[in-house]
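Colleague: no letters, just coordinates:
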């Protein structure tokens, strides 16, 4: 872990060896967790959209299948940005998924059309929102 400084003209050059590279800190784990969850969710949605477009396994209209594919790819891209520690992407994802959670809970409380799947979707959204809030807090404290 040595650091040497050489002067060349008016500039100082700092050289470090390979042992002094920064290591991932504990603050990186919340962003990795939230980003990984978003990537998994996005890839699952993209695969379901592709299956709906290519086969009869999932019965969706072509518009809904295309929308699922596009939103899956968008969620995956957002997850990659959260993985890399982007505060803006984390805030955007937290806002979107918190709104989705509120809408889902409101629909479930009103006795919406698909009460059976409402609990599963609510649990997934709670986990995503909690992970994003944890990541946002750790990114903001850097």
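Modeller: Done, it's in. The structure presented is a predicted model; accordingly, all values stated were derived computationally and were not measured.
Colleague: any idea where the strands of this protein begin and end?
Modeller: 3-8, 11-16 (DSSP state E).
Colleague: where are the low-confidence patches of the protein?
Modeller: Across the chain, the ranges flagged by pLDDT under 70 are 1-27, 112-113, 115, 142.
Colleague: go again with 90.
Modeller: 1-29, 56-59, 105-121, 138-142 (pLDDT under 90).
Colleague: and residue 28, how close does it get to residue 111?
Modeller: Here the criterion is Cβ to Cβ, to the nearest Å. By it, residue 28 lies 42 Å from residue 111. Bear in mind the C-beta positions are built from the backbone N, C-alpha and C, glycine included.
Colleague: same thing with residue 131?
Modeller: According to Cβ to Cβ, residue 131 and residue 111 sit 29 Å apart.
Colleague: equivalent analysis for residue 75, please.
Modeller: From residue 75 to residue 111 the distance is 28 Å (Cβ to Cβ).
Colleague: neighbour count: those two, which is higher?
Modeller: Higher neighbour count among residue 75 and residue 111: residue 75, with 23 against 8, using other Cβ atoms under 10 Å.
Colleague: got the residue ranges for the helices in the protein?
Modeller: 28-54, 62-83, 87-109, 115-140 (DSSP state H).
Colleague: in the third one, what counts as buried?
Modeller: Within helix 87-109, the residues that qualify as buried are 89-91, 93-94, 96-97, 100-101, 104, 107-108, counting by 16 or more other Cβ atoms under 10 Å.
Colleague: cool, the last one as well?
Modeller: Neighbour counts over helix 115-140 (16+ other Cβ under 10 Å) mark 118, 121-122, 124-125, 128-129, 131-136, 138-139 as buried.
Colleague: now do the shortest one
Modeller: By neighbour count, with 16+ other Cβ under 10 Å as the criterion, the buried positions of helix 62-83 are 65, 68-69, 72, 75-76, 78-83.
Colleague: ok, residue 135 touching residue 34?
Modeller: Yes. Using Cβ atoms under 8 Å, residue 135 is in contact with residue 34, at 3.8 Å.
Colleague: identify the contacts common to the two.
Modeller: Common contacts of residue 135 and residue 34, defined by Cβ atoms under 8 Å, 6 or more residues apart in numbering, comprise 82, 90.
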